[in-house]
Every structure is written in C-alpha cells, then in structure tokens.
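Colleague: Sequence plus the predicted model coming up.
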Amino acid sequence: MTEYVERLKQQIDFLMEIDKLKQVFRRTKLTDNSRYENTAEHSWHLAMFAMMLCEHANEADLNVMRVVRMVLIHDIVEIDAGDTFIYDMVGQEDKAEREQAAAYRIFGLLPEDQQEEFHQLWEEFEERETSEALFAASLDRLHPLLHNYYTEGAAWKEHGITSQQVLERNEHIAEGSEILWEFAQELIRSSVAKGYLAP
C-alpha cells in the first residue's frame with residue numbers, strides 16, 4: 001500500500017507543478033486581442049486542433065492520441081525555461097539546453113515509468129522524426145499564425161516581423177500536412193494584403 005501512496009503523491013506533485021503553466025505567458029494574443037495567451041491555454045487549444053484537424057495530416061493512419069499527448073506535454077518545460085519567441089534568434093541559441101534541463105527536473109517529479117514515457121514523448125516532439133511529431137509540430141506553428149491573423153497581426157506588428165520571416169519559420173508545417181501549409185501560406189498572403197504583416 002505504501003508504494004501506491006508514494007506513486008500517487010509523485011503524480012499529484014507533478015500535476016500541481018504543471019499548474020504553473022497558467023502563469024507562463026506567450027507573445028501571442030488571444031483572438032479577441034484582450035491579453036496574452038498563457039501556455040496552458042495554448043496546449044489545450046493544440047489538443048483540440050489535433051482532434052479536429054487530424055484528417056489533414058500527410059500520414060493517413062496517424063496515431064491521433066499520441067499527437068494529443070505530445071501537444072499537451074511539449075511545452076511543460078516552459079515552467080522553467082520560459083516561452084522563447086520563435087523570431088527571437090538570440091533566445092533560440094540556448095533554448096534546447098534550457099528546455100532539456102527543465103524536462104529532466106519536471107518529468108523527474110513523476111514515478112520512474114511515467115518519467116521515461118513523458119520524456120520520450122517530449123523528445124519525440126522535439127526531434128520531429130515520426131509522423132505524429134511532424135503533425136504535432138505543424139499544429140504548433142499553425143496555431144500562432146491563426147492568432148496573428150485574427151488579431152490583425154498584433155504580435156507581428158509589435159515585433160516588426162516580415163512575411164519572409166513568417167514563411168521561413170513556418171515552412172516545416174508542410175512536413176506534417178501539405179494541406180495545412182497551403183492554408184497557412186494563404187493566411188500569410190492575406191495578412192500582407194490586409195496590412196496585418198509587412199511584405
């Protein structure tokens with residue numbers, strides 16, 4: 001019985017620790033432009049994206065539940081590492097190191113079998129080699145594009161981002177979904193035409 005009590009305690013400690021994601025704010029605004037989105041909201045929304053958009057993945061027999069699990073845990077590391085803005089090239093330099101240290105600490109709160117499972121899912125997302133990871137990464141890039149479009153380019157304008165930067169940083173959407181990449185490119189073209197994004 002003691003073993004189960006200890007396991008449950010570790011699981012609860014982890015669940016309480018990840019509540020901190022609600023206080024990690026991203027550079028993306030909510031679609032009503034009222035405030036910045038937090039990482040917990042981002043992760044939940046991505047899980048919904050995975051369930052709704054899985055039919056558009058390049059891989060027909062995608063394991064959707066694996067994608068959902070990946071998108072729910074991939075940003076947990078931001079509790080320690082913070083959110084690194086995709087266009088912040090200086091912040092990108094040590095991002096992997098900061099996030100790896102965070103992954104070891106935070107997943108280390110879990111019982112050993114779950115530590116290993118969560119860490120493997122996180123690494124799978126980061127490495128972008130499986131069909132599930134490629135699709136999850138596609139959704140992770142599509143999400144802020146949509147937010148920027150629906151806020152008339154709020155984050156893009158705030159940081160002086162150009163359409164060329166957006167195209168270059170998001171082209172890997174095609175690796176998980178050619179259809180979503182075509183859609184994303186149309187969003188980008190429309191954003192330039194409407195003045196949301198600099199050419």
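Modeller: That came through, no problem. In this text the structure is predicted, and so the values were computed from the model without any measurement.
Colleague: okay, CA-based contacts and neighbour counts for the rest of this
Modeller: Noted.
Colleague: quick one: contacts of the helix or strand of the chain with the lowest mean pLDDT?
Modeller: When each helix and strand of the chain is scored by mean pLDDT, DSSP states H and E, helix 89-93 comes last, with a mean of 80. Contacting residues not belonging to helix 89-93 are listed as 84-86 [Cα atoms under 8 Å, 6 or more residues apart in numbering].
Colleague: can you tell me which strand in the chain is longest?
Modeller: strand 25-29 (DSSP state E).
Colleague: and the helix or strand that that one is followed by, what's its mean pLDDT?
Modeller: Remark: after strand 25-29, the chain's next helix or strand is strand 36-38, criterion DSSP states H and E. For strand 36-38, mean pLDDT rounds to 96.
Colleague: same deal with stretch 166-186?
Modeller: The average pLDDT within stretch 166-186 is 97.
Colleague: What of stretch 137-148?
Modeller: For stretch 137-148, the mean confidence score works out to 97.
Colleague: starting at the chain centroid, how far to that stretch?
Modeller: Mean-position distance between stretch 137-148 and its chain equals 8 Å (Cα atoms, centre = their mean, to the nearest Å).
Colleague: Residue ranges in this protein under the pLDDT threshold?
Modeller: 1 (pLDDT under 70).
Colleague: mind checking the longest helix of it?
Modeller: helix 131-150 (DSSP state H).
Colleague: after that one comes which helix or strand?
Modeller: Immediately after helix 131-150, counting by DSSP H and E, sits helix 154-159.
Colleague: Packing partners of the longest strand of the chain?
Modeller: If you count contacts as 3 or more Cα pairs under 8 Å, 6 or more residues apart in numbering; DSSP states H and E, strand 25-29 packs onto strand 36-38, helix 131-150, helix 154-159.
Colleague: hmm, try it at 6 Å
Modeller: strand 36-38 (3 or more Cα pairs under 6 Å, 6 or more residues apart in numbering; DSSP states H and E).
Colleague: List the buried residues in the next helix-or-strand element following the strand it packs on.
Modeller: Using DSSP H and E, the helix or strand that follows strand 36-38 towards the C-terminus is helix 39-53. Using 16 or more other Cα atoms under 10 Å as the test for burial, helix 39-53 gives 39-40, 42-43, 45-47, 49-50.
Colleague: try stretch 4-21
Modeller: 10-11, 14, 18, 20-21.
Colleague: Which residue comes closest to the most centrally placed residue in the chain once chain neighbours are left out?
Modeller: Among the residues of the chain, the one closest to the centroid is Asp140, at 4.2 Å (Cα atoms, centre = their mean). Leaving aside its sequence neighbours, Asp140 sits nearest to Leu46 (Cα to Cα, 6 or more residues apart in numbering; 6.8 Å).
Colleague: gap between the one you found and Ser138?
Modeller: 10 Å (Cα to Cα, to the nearest Å).
Colleague: Could you export the buried residues of helix 39-53 as CSV, including distance to Ile173?
Modeller: Below are these laid out as CSV (distance: Cα to Cα, whole Å):
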residue, distance to Ile173
Thr39, 20
Ala40, 22
His42, 17
Ser43, 17
His45, 17
Leu46, 14
Ala47, 16
Phe49, 14
Ala50, 13
